[in-house]
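**Q** Here's my sequence, what's the structure:
(chains A, B and C)
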Amino acid sequence: MIEVKALVAVFLAAILTENYVLNKFLGICPFLGVSKKVNTALGMSAAVTFVMVIATAVTYPIYMNLLLPTGLDYLQTIVFILVIAGLVQLVETILKKYIPSLYNSLGIYLPLITTNCAVLGVTMLVIEKSSESFGYVEALVNSFGAGIGFLVAMVMFAGVRQRLESCDIPKSIQGLPITLVAASLVSLSFLGFSGLVENMLG
Amino acid sequence: MKKLSFKEIFIPTISLFIICVVVAFLLAGTNELTKAPIAKIQAETSQAAMKSVCPEAESFEAIQDDPQVNAGYDASGNLVGYAIPSVYKGYGGDVEIMVGVGVSGDVTGVEILSHEETPGLGANCIKEDFRNQFVQSDVQNGFSVVKDGTGGENGHIDAMTGATITSNAVTQAVNQALDVYNSLEGGEN
Amino acid sequence: MEAVAKKKYNPVKEVTKGIIKENPVLCLVLGTCPTLAVTTAASNAIGMGIAATIVLICSNAVISLLRNVIPDKVRIPAYITIIATFVTLVQMVVKAYAPAIDKSLGIYLPLIVVNCIILGRAEMYASKNPVVPSILDGLGMGIGFTATLLLMGSIREILGNGTWFGMDLPGQIQIIIFLLPPGGFFVFGMLIALASKLSGKKPPKATGCAGCPLSGSCSMMKAEGGESACANCTADDTPEKGGAEA
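**A** Next up, the predicted model:
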């Protein structure tokens, strides 16, 4: 029986203390690129979350049941990236055909996700963690949490950037430099969560 | 949409297939070549870690009850201690350690095998100043983390500055190893 | 090799453009994830830089060789397969002969697969140019990447840990925040500002279309879907008040 408390801890840790963008530096490109407006940030992170969960759902059993028993675990990188690329394509085609409304809001972000290192990162990290306590359910909860963590970081950061728009910024740090300084402060705030989950749900 | 001709489907498919076949052979070959050195390095690393935590031992042998645990023997074949691996969750991920326990239950050394702690804070757990605090003899009750500078005796361990979680993780891992030792000793008597 | 190629183009320029003028990290803003993640120590930075450079050179060479063989439709999957192969090869070799680097780079070593620089150069350069220039381009970009990582790694290690390549420095200062994620973002921001100040250009606004690693699949999408669909472009190239780009 999987404890609900443990799952909540996994979920919260993935969002707050192990935030993929702000703590592990995965998925920085979309974080800096697509976070200018809150609604694009929302769309992108929803698509990322979606793909993360599906990708984990597929790659985890492939690794555990196919690659590991046959001693082919060295193919992990190549198999995972191809599975993710294929999945993204598949999801895009299915959405386009059957749920056009969802496709219209998420579809444009999907091709960008293949090379989003957060997605490949999540699928690999849950495999790494499977040696300790991660079963299939924990892995799925963790990648869902990672996606939500991505969403939280993106939306918060989009809010910060909208404020920056109306500020008088010194010329030499306009553009990307000030964006990165803002990112630095946002990630500083996430440091405050350290130890929170352990102590809350110990 | 116009129907794709046979050629339009066939050529991309076959070229991707060829790439995959070449790739598979290349990777399998390299894997064969690097498998032995990787295994050798892993064996050497774990030997070195065991030697470092049980300095008196000359050779190690996995014990029957628990193949994870290695018993250390000196040059004349006497049992001098155990090298016990242990894991506990730290701040950034698992902290894996190797603990050396002497025959009388004293801790002879602690090595950090792997960790994902914050550089400059928790990552300082690999430093000797911290690890050597565990080398104590009267530790039946296990170790506990303190913040008053009395570490190094009576089972007290000084927490590292700004890295209480890591300090605690290493301490708990050592305590787990001591439990393993106690169950071994209990089983033998 | 360079002497033969000299007739057509300037090989020195192919290499040096990646180091200064088109520095992949500071000017094109590619490969930001490893830049931020592994630069807590100078030695990690070097390890990452060299690993990525090897992959970059090899994949550029192979993709350039096969540029007329790979059908256009499947080129992105083909490139990804080729890149992933070299990454796996490098990973195995590093595991076998430099386990310390493997340990400290951890998951970021296999993640070279999705390093934007590599797919970006494959799509933007190697798929259109002959083998030798592609190799030189990969070398230059790799050196630029490594040098930037080394610079960032040195700054963060010296200020954050008071050491350089693990050696203690006199008058140790330990401003730990430089080793933590916020310090990474901050140092990176300052370096970009410095680079654009020195080169006299405006700092890049964001990961724009020119530097977008997906400009390849993006134009592919345009061809297929007919609409400009790249979220990066639509999000960032929308004209802003007075934000005229040179």
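**Q** Okay, strands next: where are they in chain A?
**A** Applying DSSP state E to chain A gives no strands.
**Q** Report the central residue of it.
**A** A:G147 (3.9 Å; CA atoms, centre = their mean).
**Q** Would you mind measuring from the nearest residue to it once chain neighbours are set aside to chain B?
**A** Distances taken as CB to CB, 6 or more residues apart in numbering or on different chains put A:T49 closest to A:G147, at 2.7 Å, once the chain neighbours are dropped. To be clear about C-beta, it is placed using only N, CA and C from the backbone, and glycine gets the same treatment. With distances taken as CB to the nearest CB, to the nearest Å, A:T49 is found 22 Å from chain B.
**Q** Over to C:L56?
**A** On the measure of CB to the nearest CB, C:L56 and chain B end up 18 Å apart.
**Q** ok, now C:V90?
**A** 10 Å.
**Q** Ramachandran angles for that residue?
**A** Here is the backbone geometry of C:V90 (degrees, to the nearest 10): phi -60, psi -40.
**Q** coming back round to it: ok, the residue nearest to the centre of chain A - contacts?
**A** By CB atoms under 8 Å, 6 or more residues apart in numbering or on different chains, A:G147 lies in contact with A:S45, A:V48, A:T49, A:F50, A:M52, A:V53, A:V122.
**Q** related to what we said a few turns ago, just checking, the residue nearest to A:G147 touches A:F150?
**A** Yes - between A:T49 and A:F150 a contact is recorded at 6.8 Å, counting by CB atoms under 8 Å.
**Q** With neighbour numbers in mind, choose between these two.
**A** A side-by-side neighbour count of A:T49 and A:F150, using other CB atoms under 10 Å in any protein chain shown, places A:F150 first with 31 against 20.
**Q** And the longest helix seen in chain A, what's buried?
**A** Criterion DSSP state H: the longest helix present in chain A is helix A:136-165. Judged by neighbour count (16 or more other CB atoms under 10 Å in any protein chain shown), helix A:136-165 contains these buried residues: A:138-158, A:161.
**Q** Next secondary structure element downstream of the longest helix along chain B?
**A** Ranked by number of residues, the top helix in chain B under DSSP H is helix B:6-53. The helix or strand immediately downstream of helix B:6-53 is strand B:59-62, counting by DSSP states H and E.
**Q** chain center to that following strand, what's the gap?
**A** In this view, strand B:59-62 has its centroid 17 Å away from the chain centroid, taken as CA atoms, centre = their mean, to the nearest Å.
**Q** ok, and what's touching that strand?
**A** Counting by CB under 8 Å, 6+ apart, B:Q47, B:M50, B:C54, B:Q68, B:V69, B:N70, B:A71, B:G72, B:Y73, B:A83 sit against strand B:59-62.
**Q** coming back round to it: can you tell me if the longest helix of chain B touches chain A.
**A** Yes - using CB under 8 Å from any CB of the partner chain, helix B:6-53 comes into contact with chain A via B:V23, B:L27, B:N31.
**Q** shaky segments in chain A?
**A** Scanning chain A for pLDDT under 70 picks out the ranges A:1-2, A:131-133, A:195, A:197-202.
**Q** State which one residue of it is found closest to chain C.
**A** A:L180 (3.1 Å; CB to the nearest CB).
**Q** Distance check, that residue against chain B.
**A** 20 Å.
**Q** Any figure for the gap between the residue nearest to the centre of chain A and A:L95?
**A** Using CB to CB, to the nearest Å, A:G147 is found at 17 Å from A:L95.
**Q** Can you tell me which residues in chain B are near chain A?
**A** B:V23, B:L27, B:N31, B:V87, B:K89, B:Y91, B:G92, B:G93, B:D94, B:T164, B:I165.
**Q** tally of neighbours for the residue of chain B found nearest chain A?
**A** Proximity of chain B to chain A (CB to the nearest CB) peaks at B:N31, 5.1 Å away. When neighbours are counted by other CB under 10 Å, B:N31 registers 18.
**Q** who's in contact with the closest residue in space to it that isn't next to it in sequence?
**A** Among residues not flanking B:N31 along the chain, A:Y74 sits closest, at 5.1 Å (CB to CB, 6+ apart). Counting by CB under 8 Å, 6+ apart, A:Y74 touches B:L27, B:N31, C:T88, C:M92.
**Q** For B:A83, grab phi and psi.
**A** phi -110, psi 110.
**Q** My read is that it contacts B:A49, right?
**A** Yes - the criterion here is CB under 8 Å, and B:A83 meets it with B:A49 at 7.4 Å.
**Q** okay, and the common contacts of those two?
**A** Common contacts of B:A83 and B:A49 (CB under 8 Å, 6+ apart): B:M98.
**Q** how close does B:P119 get to chain C?
**A** 4 Å.
**Q** give me the number of residues near that residue?
**A** B:P119: 20 neighbours (other CB under 10 Å).
**Q** A:A47 now?
**A** By other CB under 10 Å, the residues close to A:A47 number 27.
**Q** residues contacting it?
**A** Neighbouring residues of A:A47 by CB under 8 Å, 6+ apart: A:L106, A:Y109, A:L110, A:I113.
**Q** How about B:G90: what's its closest non-neighbour residue?
**A** B:G90's closest residue in space is B:A169 (CB to CB, 6+ apart), at 3.8 Å.
**Q** likewise C:L136?
**A** C:E14 (4.0 Å).
**Q** what's the answer for C:S134, then?
**A** Closest to C:S134 by CB to CB, 6+ apart is C:S64, at 3.7 Å.
**Q** Confirm B:G81 sits in a strand?
**A** Yes - under DSSP: H, G, I helix; E, B strand; the rest coil, B:G81 falls within a strand.
**Q** quick one: contacts for it?
**A** B:G81 touches B:C54, B:E56, B:A57, B:A71, B:G72, B:G100, B:V101, B:G102, B:V103, B:T108, counting by CB under 8 Å, 6+ apart.
**Q** Quickly run through the sheet partners of the helix or strand that contains the fourth one, with directions.
**A** Element membership of B:A71 [criterion: DSSP H and E] is strand B:70-73. Next to strand B:70-73 in the sheet, as set by DSSP bridges, lie strand B:59-62 (antiparallel), strand B:79-89 (antiparallel).
**Q** So which other helices or strands are in contact with whichever helix or strand comes after the longest one?
**A** Read in the C-terminal direction, the helix or strand following strand B:79-89 is strand B:94-102, with elements assigned using DSSP H and E. Applying 3 or more CB pairs under 8 Å, 6 or more residues apart in numbering or on different chains; DSSP states H and E, one finds that strand B:94-102 makes contact with helix B:6-53, strand B:79-89, strand B:107-114, helix B:164-188.
**Q** Including mean pLDDT, could the ones you listed go into a markdown table?
**A** Output for the helices and strands packed on strand B:94-102, formatted as a markdown table (pLDDT from 0 to 100):
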| stretch | mean pLDDT |
| --- | --- |
| helix B:6-53 | 85 |
| strand B:79-89 | 87 |
| strand B:107-114 | 88 |
| helix B:164-188 | 83 |
